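K.L.:
sequence unavailable; structure follows:
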RNA sequence: GGCCCGUUGGUCAAGCGGUUAAGACACCGCCCUUUCACGGCGGUAACAGCAGUUCGAUUCUGCUACGGGUCACCA
């Protein structure tokens, strides 16, 4: 077989050599140890949690080492592509603080443009580059074409691959595939000419020389030492439309773009042998690999399942809707990525997570379950450290978008709103009431809306409650300091025969009708409408005298 | 079904041949406290199983079980 002739027949228009292409993409000049990483999504939908994970790792590794982090759009499957998905991906990533030095970026006009000299950064625009290397492989006898008629191709595209594969008898199918593959390898120049003349499309397959009985030792930066069987499958390099498969694009692009570390999900582990073979065939140096474990969820039977796009907590845009701050989500991701992050953070509470010395060795090799409890806890901590002004701004912005009525109330008097969020904030032990911005309304909505009122516990006589409320109003003075205010509440308690000292009350609760705690509760419900609320004195101060008195008076009326 | 990866409390996880097997979340109890939140103290709870190597295995090896992934002209 004259391979050069075959190559010319298959790729008559390709005149460049690999060396020509290499010359256009010079090696990056980077400091020792600098890592070049990338995020390479296919634009088939929104960013999901499992995608933010590797991109965070890539961003950290690159930027922490003085390297480059770039975005490459893997749009080699036109059938699955979703309009606008690429733009959405970039926006969502930016929302979570993931910024790219290079690659496909949103230009000033809102459309995607290339930034950097290693482009194009959209694989659909790199066709000619792939063909140069494909031709090279053919000319070396390392790849060969497999023709189909257009009718066969249509039939192929019509079947539901997933369903078909699931129903397969594996053994039988693999034997048949193997036979077909071996037969296809024996194509002759004449057959190629005939097919070409007939206008039949072809796929280009790699001629695999591996023996699966032989294992190649391989070290993955996360999984550690692995043994992978050599590849013996003549996998597809170029699809019949001339577009490369993931495998081929991965090898060519990551080589030309100078990727030093490939970060991807562990579902790629089974095809690693293919990639190793491809890099060898092409004479490329293999990058380092980090195969990260999948994020899991619990299915209805209690089994772990890969967190898929439709699951609760998968779509990153849902987190915005639920009111999670991106900083909180990033923080949570860091705790999942590096087990020592929390410890570091406790000692460096004032530093941003980007100061954390991210370490590949600390990454877990097994998949973790997504845990909202933990996310909420992390969020509460992050938010508790924010200033009242920051919380005000963020809650308002969130509410304006997702709860406009509430948002308008918050925005109406910014200083008032901020004074509410200032309660218990700023000290050594700040309150932790909010995990999400959506928690704000149940927490402090009573400042704006006095219609929701909790019922008083049944054991208290309305006459007592009423007497307490009236007694309080009789001496209430907004100018009182907290101690004076509380002394007055105590006096009210005594007047209605309740104990004004908790220690004494606990000694013999049966001696009293109730305690100072109950009197406080009478007032709290009247003022806030709730059994539980932040410090009552402060609430009254913020609410102001007329509001406070008005609420108590209307409660007195209700009790009549 | 073949191949690959994984398995420490409910969850996330330290550990890297000798430990009373950390810590965080969740849960429970107590304390603080006019409620809540915060904070403090304490508690329940784990090395999947079986062999082997070893003076000694959570740690090394093998097998089994369970879980996950993959086997497309998808990524």
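P.N.:
Structure's in. What do you need? As the structure is a computational prediction, the values presented were derived from the model and not from experiment. Numbering: from 1, shown residues only, chains lettered A, B, ... in the order given.

K.L.:
and for residue A:524, the neighbour number?
P.N.:
Neighbour count of residue A:524, defined by other CB atoms under 10 Å: 19. C-betas here are computed from N, CA, C, even on glycine.

K.L.:
host element of it?
P.N.:
helix A:516-528 (DSSP states H and E).

K.L.:
how about residues contacting that helix?
P.N.:
Helix A:516-528 has contacts (CB atoms under 8 Å, 6 or more residues apart in numbering) with A:446, A:453-454, A:456, A:460, A:464-465, A:468-469, A:472, A:489-490, A:492-493, A:496, A:498-502, A:505, A:530-531, A:533, A:536, A:539-540, A:543, A:548, A:551-552, A:555-556.

K.L.:
do it and RNA strand B meet?
P.N.:
Yes: using CB under 7 Å from any atom of the strand as the criterion, contacts between helix A:516-528 and RNA strand B involve A:516, A:517, A:520, A:521, A:524.

K.L.:
packing partners of the helix or strand encompassing residue A:88?
P.N.:
Per DSSP H and E: residue A:88 is located in helix A:85-95. Secondary-structure packing of helix A:85-95 (3 or more CB pairs under 8 Å, 6 or more residues apart in numbering; DSSP states H and E): strand A:102-106, strand A:112-115, helix A:316-322.

K.L.:
the helix holding residue A:524: how far from the chain's middle?
P.N.:
43 Å (CA atoms, centre = their mean, to the nearest Å).

K.L.:
for it, list every residue counted as buried.
P.N.:
A:516, A:518, A:519, A:520, A:521, A:522, A:523, A:524, A:525, A:526, A:527, A:528 (16 or more other CB atoms under 10 Å).

K.L.:
how about the contacts made by the nearest residue to residue A:95 once chain neighbours are set aside?
P.N.:
Ranked by CB to CB, 6 or more residues apart in numbering and with sequence neighbours excluded, the top spatial neighbour of residue A:95 is residue A:326, at 5.5 Å. When contacts are counted by CB under 8 Å, 6+ apart, residue A:326 touches A:95, A:96, A:97, A:319, A:320.

K.L.:
give me the buried subset of the residues you listed.
P.N.:
The neighbour count (16+ other CB under 10 Å) marks A:96, A:319, A:320 as buried among the contacts of residue A:326.

K.L.:
out of the helices and strands packed on helix A:85-95, the one nearest residue A:425 is which?
P.N.:
helix A:316-322 (22.3 Å; CB to CB).

K.L.:
next structured bit after that closest one?
P.N.:
Using DSSP H and E, the helix or strand that directly follows helix A:316-322 along the chain is helix A:326-337.

K.L.:
what is the orientation angle of that following helix with helix A:85-95?
P.N.:
Here the directions of helix A:326-337 and helix A:85-95 differ by 90 degrees (axes from the mean of the first three to the mean of the last three CA atoms, to 10 degrees).

K.L.:
re the thing from before, how about CSV for the residues of helix A:516-528 next to RNA strand B, with pLDDT added?
P.N.:
Output for the residues of helix A:516-528 next to RNA strand B, formatted as CSV (pLDDT from 0 to 100):
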residue, pLDDT
A:516, 94
A:517, 94
A:520, 96
A:521, 96
A:524, 96
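
K.L.:
of the residues you listed, closest to residue A:28?
P.N.:
Closest to residue A:28 out of the residues of helix A:516-528 next to RNA strand B is residue A:524 (64.0 Å), distances taken as CB to CB.

K.L.:
can you tell me how far the closest one is from residue A:30?
P.N.:
62 Å (CB to CB, to the nearest Å).

K.L.:
what about residue A:120, helix or strand, and which?
P.N.:
Residue A:120 belongs to no helix or strand, assigned by DSSP H and E.

K.L.:
could you do the one 10 residues further on as well?
P.N.:
Remark: residue A:130 resides in helix A:127-139, with elements defined by DSSP H and E.

K.L.:
go through that helix and flag the buried ones.
P.N.:
Buried residues in helix A:127-139, counting neighbours by 16+ other CB under 10 Å, are found at A:129, A:130, A:131, A:132, A:133, A:134, A:135, A:136, A:137, A:138, A:139.

K.L.:
and that helix, how far out from the chain's middle?
P.N.:
Between the centre of helix A:127-139 and the centre of its host chain there is 36 Å, according to CA atoms, centre = their mean.

K.L.:
who does it touch, helix- and strand-wise?
P.N.:
helix A:3-10, helix A:18-24, strand A:143-147, strand A:202-206, strand A:236-238, helix A:246-256, helix A:272-282.

K.L.:
parallel or antiparallel, list what pairs with the third one.
P.N.:
Translated: strand A:143-147. With DSSP bridges as the test, strand A:143-147 is paired with strand A:202-206 (antiparallel).

K.L.:
helix A:127-139 and the strand it pairs with, what's the angle between them?
P.N.:
60 degrees.

K.L.:
sweet, I'm off.
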